[in-house]
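> A structural model of the following input is requested.
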Amino acid sequence: MSSTDNRRVVVTGYGMVTPLGRNAQETFDNARLGVSGIRRITSFDTSGLPTDIGGEIDPAWIAAITETLCEANIRYDGRIEKFVTRSDTLMLAATLEAIGMARLQLQQPQRIGVSLGNHGQNPTVEDMMFLHRFYDGKGNWDVRALERTGGYPFFNFFKRKPDVASALIAAAFKFSGPNLSVASACAAGAQAIGEAVCLIREGRARVMIAGGAESCLDYTGFVGFVLIKALAQKYTSPQKASRPFDRRRSGFVMSEGAGAIVLEDLEHATSRNATIYGEILGYGSSADAYRITDTHPKGDGAILAMWAALKDANLIVPGTTSEAIANETIAKDSIDYINAHGTSTVQNDLTETVAIKQVFGDMAKDIPVSSNKSMLGHTIAAAGAIEAILSIMGINASLLLPTINYEHPDPKCDLDYVPNEARPKQHKRVLSNSFGFGGQNACLCIGKFE
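Now for the predicted structure:
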């Protein structure tokens with residue numbers, strides 16, 4: 001992506017559904033108060049598991065969302081209705097809120113693109129047991145008997161495909177522009193936004209709906225993280241479990257949610273007198289090229305992603321003081337706040353702190369850093385989108401959201417983590433970090449529109 005391209009990409013709408021709220025404003029209002037959305041899981045039986053908490057969307061909200069979508073006449077062709085998953089429903093609601101805020105006209109099909117971070121729906125234990133009824137254990141499958149079941153396994157197979165979600169969103173709203181699906185773990189939502197920015201800058205789209213959705217609070221999605229001991233298992237209450245950068249952090253809390261953002265090139269937005277809420281100034285992505293289950297201990301991939309986003313935003317100047325990249329340095333006062341990936345795992349929070357200090361040097365101690373996951377938990381593919389939106393809302397409200405449950409400072413994590421209470425602060429530029437399980441990294445530089 002060329003930073004010399006003068007096509008500016010602005011934000012004209014956004015929407016979300018999270019454990020903290022049915023929409024963006026409700027989520028932000030609860031986050032500014034330091035409310036936790038973590039509860040005991042009710043969607044599946046957690047008996048025998050060492051942890052039983054998550055950021056679960058209230059079932060009553062799902063019912064209300066479905067009713068709202070029907071009232072808005074947002075529905076699919078009957079032939080593809082069976083493919084719709086819980087995360088698709090959340091993403092539909094977030095998208096409807098975003099396009100309403102952006103005042104996009106939807107009377108006819110438009111060349112609006114979709115770029116979505118999503119991993120599809122996990123198969124249930126019941127699905128797998130059902131499928132193996134047609135297997136004899138010796139390599140033989142009774143496919144004809146499977147076909148006679150009426151296609152139930154067929155529909156569930158396609159629900160697992162990550163590209164189905166973006167196709168369904170396009171079908172529901174008749175968006176006929178470029179359609180991307182990004183499956184890069186925790187970096188997916190931010191990467192989907194970044195790639196949408198690239199398409200607009202290159203002139204391949206004027207408007208993109210970008211973001212992410214995830215709903216993996218089920219046994220098959222949950223137990224894998226239990227087995228590698230990535231989830232928080234030591235906590236006095238569900239609300240206290242997610243504690244990024246705190247010395248007593250013990251793992252992340254799995255959550256579900258969706259975030260959608262409307263991106264437009266500036267000329268298109270101004271031509272229709274759209275309200276502009278922010279601007280995507282830069283995007284960087286990288287790979288740790290290290291291990292599947294561990295981040296690089298020196299934060300090499302995170303450093304590269306942050307540096308690339310800053311460079312793309314034209315915030316890098318020639319110099320010799322940077323330890324991160326030879327012969328270049330960061331413009332003074334370039335970043336006012338960092339929305340951290342901040343998962344609450346021992347390794348991630350330490351590595352991210354190391355990477356921030358490596359990139360910003362002596363400036364790092366003066367840059368506030370906080371983690372929304374302390375309140376939301378980790379919404380996986382939706383996280384980068386939700387956090388980008390909260391960053392935009394924070395800029396416009398002149399407010400830094402807090403890192404709650406920060407009670408025991410870790411001497412190895414020694415930055416300003418905006419502990420426990422929101423902080424009033426006028427700020428113009430934010431770096432929003434998303435570092436994926438498996439070493440995928442994405443970073444967005446978000447700015448106040450000027």
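> rest of the way, CA atoms for contacts and neighbours
Fine.
> ok, which stretches of the stretch 151-300 of the chain are strands?
Ranges of strands within the stretch 151-300 of the chain are 179-182, 207-214, 257-265, 278-287, based on DSSP state E, counting those that start in this stretch.
> possible to save those as a markdown table with distance to Val125?
A markdown table is the format used below for the strands of the stretch 151-300 of the chain (distance: least, CA to CA, whole Å):
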| stretch | distance to Val125 |
| --- | --- |
| strand 179-182 | 26 |
| strand 207-214 | 19 |
| strand 257-265 | 22 |
| strand 278-287 | 33 |
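> I figured Arg209 hits Arg111, correct?
To be clear, residue 209 is Ile; Arg isn't right here. No. Ile209 is beyond contact range of Arg111, at 11.0 Å (criterion: CA atoms under 8 Å).
> which of those two has more residues huddled nearby?
Remark: of Ile209 and Arg111, Ile209 carries more neighbours, 28 against 15, as counted by other CA atoms under 10 Å.
> ok, now how distant is the more buried one from Glu147?
Distance of Ile209 to Glu147, computed by CA to CA, to the nearest Å: 37 Å.
> now swap in Ile292 and tell me
Relative to Glu147, Ile292 is positioned 37 Å away (CA to CA).
> still on that earlier bit, closest one to Ser432 among the strands of the stretch 151-300 of the chain?
strand 278-287 (9.7 Å; CA to CA).
> next structured bit after that closest one?
Next in sequence after strand 278-287, counting helices and strands by DSSP states H and E, comes helix 300-312.
> got the contact list for that next one?
1-3, 281-289, 316, 324, 330, 352, 355-356, 358-359, 431, 433, 435, 439-445 (CA atoms under 8 Å, 6 or more residues apart in numbering).
> pretty sure Ile380 sits against Ala185.
Yes. If you go by CA under 8 Å, Ile380 and Ala185 touch, sitting 6.3 Å apart.
> tell me which of those two has more neighbours.
Shown here are Ile380 and Ala185; by other CA under 10 Å, Ile380 has more neighbours (30 against 23).
> quick one: stretch 27-42 to chain centroid distance?
Mean-position distance between stretch 27-42 and its chain equals 16 Å (CA atoms, centre = their mean, to the nearest Å).
> pLDDT below threshold where in the stretch 151-300 of the chain?
By pLDDT under 70, the low-scoring segments of the stretch 151-300 of the chain are 151-155.
> can you do 50?
Within the stretch 151-300 of the chain, no stretch has pLDDT under 50.
> buried residues, stretch 166-181. List them.
Using 16 or more other CA atoms under 10 Å as the test for burial, stretch 166-181 gives 166-171, 173-175, 177-181.
> equivalent analysis for stretch 49-56, please.
Thr51, Asp52, Ile53, Gly54, Gly55, Glu56.
> how long is it end to end?
17 Å.
> ok, residues contacting it?
Residues contacting stretch 49-56 (CA under 8 Å, 6+ apart): 19, 37-41, 46, 217, 226, 231-233, 238, 253-256, 376-379.
> mind doing that once more with 6 Å?
With contact meaning CA atoms under 6 Å, 6 or more residues apart in numbering, stretch 49-56 is reached by Pro19, Gly37, Ile38, Arg39, Arg40, Ile41, Thr46, Gln233, Val253, Met254, Ser255, Gly377.
> ok, and the most crowded of these?
Greatest neighbour count in the contacts of stretch 49-56, by other CA under 10 Å, goes to Gly377: 32 neighbours.
> what pLDDT is listed against that one?
Note for Gly377: predicted pLDDT of 98.
> these two touch, right, it and Ser255?
Yes. Counting by CA atoms under 6 Å, Ser255 is a contact partner of Gly377 at 5.4 Å.
> since that was my last question, I'll sign off now.
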